[in-house]
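Student: Here's my sequence, what's the structure:
(3 chains)
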Amino acid sequence: MKKLKIKDCVTVALLSALYIIFYMIAGSVVMVFGAFGHAISPGACGLIVGPIIYFLTRKVGKMGQFTLMQAIVMIIYSVMGAGYLPWLITSMVGALIADLIASRESRPATWKVGIASGVFHVGQAFGSIIPSWFFVDSYREEWIGRGQTPEAMDAMIYYTQGFMGVIATVVVFALSFVGAYFGQLLLKKHLDKNVEKKAAA
Amino acid sequence: MEEHVIVADGLNFSYEESTEGIADVNFTIEAGEVVLLTGNSGSGKSTLLKCLNGLIPTITEGDLSGMLSIEGEQYNKMKMHELNKMIGSVFQNPRSQFFTENTTAELVFPMENYGYTKEEMKARLAELTKAFGLEDLLNRNIFTLSSGERQMIALASAVTMKQKVLLFDEPSANLDYGNAMKLGGIIDRLKKRGYTIIVADHRFYYLNGIIDKVLFMDQGKLNLCNSEEAFKQGNYDTRSFDIFSIRLPFRGEESTGEEVARMEQVSYLDILKDVNLTLRKGEVTVLVGNNGAGKTTLAKALCNTIKPTSGTVWTGDLPFFIMQDPDYQLFGTSVYNELMLVKDDLPEIKKCLEYLGLTPYRHKHPFDLSGGQKQRLQIAMAMLCNRDLIIFDEPTSGLDVYSMQSVSKEVLKLKERAGILVISHDYEFIRHVANRIVFLSEGTVKEDFILEEATLPKLNQIYQQMQEEKCNEEVKN
Amino acid sequence: MNTKGFRLNPVVLILINIVAPSMYIFLPGKYLQYFLLAFALSVMLLAGSIKGFFGLLLVEGLFLAIFYGTIGVSSLEFLGLFFIVFAQSVPCVALAILLIKRYDSAELLSALETLHIPRVLVVAVTITLKYIPTFRREFSYIKESMRLRGISFTWKRPVKSFQYFIVPQLFRCSALAEEVSAAGLVKGIDAPIRRSSYFEQKFHVMDGIVLLVFIGGLVGGFVWKNM
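Tutor: Modelled structure (predicted):
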């Protein structure tokens, strides 16, 4: 297995800059969907950054590429005051798994890239899903005090948590998975030419 | 025995993926010399430069043999970070050579990498500030600096580790005439302070009279000239040493062609002031002026990118604008596809590719082309676009003499069917193509004349003025 | 840059923001919410940011008002639910804004080095931070260039438009990587020495006090919960 060289690290750093720009765009677009939007913003991001992820696996294609990218993203968010512990942990775990799935070869199949990207972004999503459960929980008493029955309240929390948890996870994974194919679609013609060129040289 | 600063003995390098390379290169460089490294694109000039700054073999892979040493130490026994304490490098691309957005952060960046303490960094920063006159440049956003100021930061950050050998990679590519001449002066002063300087460039007018040795590369082989005189007497086209002595026919004649664009009393913020300009078919108008004079803003107003604060801009249709950096203008998956985006007319595309010698590269990805090829691809786009006005922004920066001449030929052909506006500070190129010169200074049109024998002194005087403008700036510092 | 007030060490603010939101898992939410609000307001005052102080108060008040206004209305309770989630993160967002406004990227990076983050990451983050604004600027060039080429962004062909927008930038990144690596190597990014930082700030007594108050508040909440 090849190790990341300086040039690879620089490539990952540059792609991370693009990634963060698109992440911010996606994040601000889904903000209109409120908290749910917040939970699935990694998915919306996963979709439009598909080409970046796909390009990463084609141009770098080495073990550690996802982990390095996620670490850069997390550090920048932390430095900007937007990182918090559960998010950092689940994101890094997701990135490590993504590396195990799609970084063991230099041109992994698109479905592998899709799964890796899915896990990568679900890792990010968990970070915001898990704490939001506690946010809601902490207001359970308040609602009950205002006349909601505990049963109705629990049902609503259950629904919210289930909704936030399961649906958000599925949506994030699916969008990221599709994103990889989106990347392949955009880049196919561009990258094929390169292969041709190398074969000719 | 006197110690040579750099010794190359039987140096060879061949790339894994290309036939270019260098073979059997031998030379020595002594302390305090100014050495010009030149040659056409593909001659091995950049390869030799990369050997000298250690990027071969560190980044670029290939087969390296022979001996290269600096101050008695062999390159192959040193790590990159050891070598770079002896050699400072100044690259040309302002986009990629800086690591931060802040000048102070940029200057201390190498020292941080080498683990200096804060006190050491402060002391060194103060020395650099004094030596390079950086008082007004500290703690600024690099993006907001002028090209000359950026060059000073790049230069100062290349000697933070007290390197005594300096490598410049095509410094003139991103400098206007005034700043290039200023750089020539700085190099001369560095030489007097005992620095050894190697400049790799296609253009060398700004080094006239201060070169001690020329490493002239030709097809991977080195032709060594031990003095500037010897180089000038060789058979390479060295007219560009004294650019004002060039003898070329004049394109002359005021054009009576159809009007393609008109600006009336155009002002934009405090950048443009009451600009009047009429452009016609069959005419190559060259816009000259130092960076910051408003040249690009004027072009943007013609393209409707910006709306003038007052006055009117009229153009027949949207002009075709060829940016200085072709990379922002390429969108296709291949050369063919790129041109199809302009005009879906295969026979004409084929004709155009043939004319420009791009046919062998038609299936290549636009980003895999060399700088000269990208430039020709853009000209192909301009030829196919059928627009009435074509604007070029610095089309020859970074091109060697021969590529510049072929661009000139093509621009002249283009004017048969469109009006051409060229922004350029490349004197030689201007002499090749210009019918008309428009001199912009501080946002106003200072001169507007047809270039012919009688008006040539006017053009030369403009150049003189641009140089003085920069030198006065220096005094202010 | 505002020089009134105390300049907290950025490391303190970063650490607080990393830890604070996850404390909702261990502490009673309402206690934590009001503690964080009070804490963030005090930090604003300490830093001399009057605008930040009132801004935070206003936004938090607005969100809480929406929450309490909709809680009794059966069809609107979801709205309240969303807003209360926002309301709980407002103090941290306020601290984040303070962090970004008061410190430039060099200072923030040096904070990382205090935290002993590996060299390769520090250099990579330096590059990423520089190219975020660079690429943003370049996207406007690309948009402009698309317009001049007559292939401007259109929602009629979103995929094609997006392709023109992003693909060239990806290829440029890979070409750029070579140049940036070269520029970095000649500046010693590969030196096997512990990196130092010019912008490193000393840790003052006040930084310690702020951290202690923060930890004290958390511990207090924990004790209170288990009483």
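Student: Please make it C-alpha for all contacts and neighbour counts, starting now.
Tutor: OK.
Student: Just want the most central residue of chain A.
Tutor: Centrality entry for chain A: nearest residue to the mean C-alpha point is residue A:121, 2.0 Å, by Cα atoms, centre = their mean.
Student: list the contacts for the nearest residue to that residue once chain neighbours are set aside?
Tutor: Closest residue to residue A:121 apart from its sequence neighbours, by Cα to Cα, 6 or more residues apart in numbering or on different chains: residue A:42 at 5.5 Å. Residues near residue A:42 by Cα atoms under 8 Å, 6 or more residues apart in numbering or on different chains: A:23, A:27, A:121-122, A:124-125, A:172.
Student: With residue B:30 instead?
Tutor: Contacts of residue B:30 by Cα under 8 Å, 6+ apart are B:3-6, B:196.
Student: In helices, which of the residues you listed appear?
Tutor: Judged by DSSP state H, helices contain none of those.
Student: Drop anything exposed from those residues.
Tutor: For the contacts of residue B:30, a burial check counting by 16 or more other Cα atoms under 10 Å in any protein chain shown picks out B:5-6, B:196.
Student: want to try CSV for those, with pLDDT and distance to chain C as columns?
Tutor: Formatted as CSV, those follow (pLDDT from 0 to 100; distance: Cα to the nearest Cα, whole Å):
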residue, pLDDT, distance to chain C
B:5, 95, 18
B:6, 96, 17
B:196, 96, 17
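Student: Turn those into TSV, columns for distance to residue C:55.
Tutor: Below are the buried ones among the contacts of residue B:30 laid out as TSV (distance: Cα to Cα, whole Å):
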residue	distance to residue C:55
B:5	63
B:6	63
B:196	58
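Student: Out of those, the closest to chain A would be?
Tutor: residue B:6 (27.0 Å; Cα to the nearest Cα).
Student: Confirm for me that that closest one is in contact with residue B:68.
Tutor: Yes: counting by Cα atoms under 8 Å, residue B:68 is a contact partner of residue B:6 at 7.3 Å.
Student: how about the contacts of residue A:42 in JSON lines, adding pLDDT?
Tutor: Shown next, in JSON lines, are the contacts of residue A:42 (pLDDT from 0 to 100):
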{"residue": "A:23", "pLDDT": "89"}
{"residue": "A:27", "pLDDT": "82"}
{"residue": "A:121", "pLDDT": "94"}
{"residue": "A:122", "pLDDT": "92"}
{"residue": "A:124", "pLDDT": "89"}
{"residue": "A:125", "pLDDT": "85"}
{"residue": "A:172", "pLDDT": "91"}
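Student: Next step: the residues you listed restricted to helices.
Tutor: Assigned to helices by DSSP H, the following of the contacts of residue A:42 qualify: A:23, A:27, A:121-122, A:124-125, A:172.
Student: Would you reformat these as CSV and include distance to residue B:81?
Tutor: Below are the ones in helices among the contacts of residue A:42 laid out as CSV (distance: Cα to Cα, whole Å):
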residue, distance to residue B:81
A:23, 35
A:27, 41
A:121, 37
A:122, 40
A:124, 37
A:125, 41
A:172, 44
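Student: And these, which is closest to chain B?
Tutor: residue A:23 (21.7 Å).
Student: wait, what's in contact with the closest one?
Tutor: A:42, A:45, A:49.
Student: which one among these gets closest to residue B:372?
Tutor: Distance to residue B:372 across the contacts of residue A:23 (Cα to Cα) is lowest for residue A:49, with 32.5 Å.
Student: State the distance from the closest one to residue A:121.
Tutor: Distance, residue A:49 to residue A:121, using Cα to Cα, to the nearest Å: 11 Å.
Student: Count residues in the vicinity of the closest residue to residue C:203 other than its chain neighbours, would you?
Tutor: Leaving aside its sequence neighbours, residue C:203 sits nearest to residue C:9 (Cα to Cα, 6+ apart; 6.5 Å). Residues near residue C:9, counting by other Cα atoms under 10 Å in any protein chain shown, number 21.
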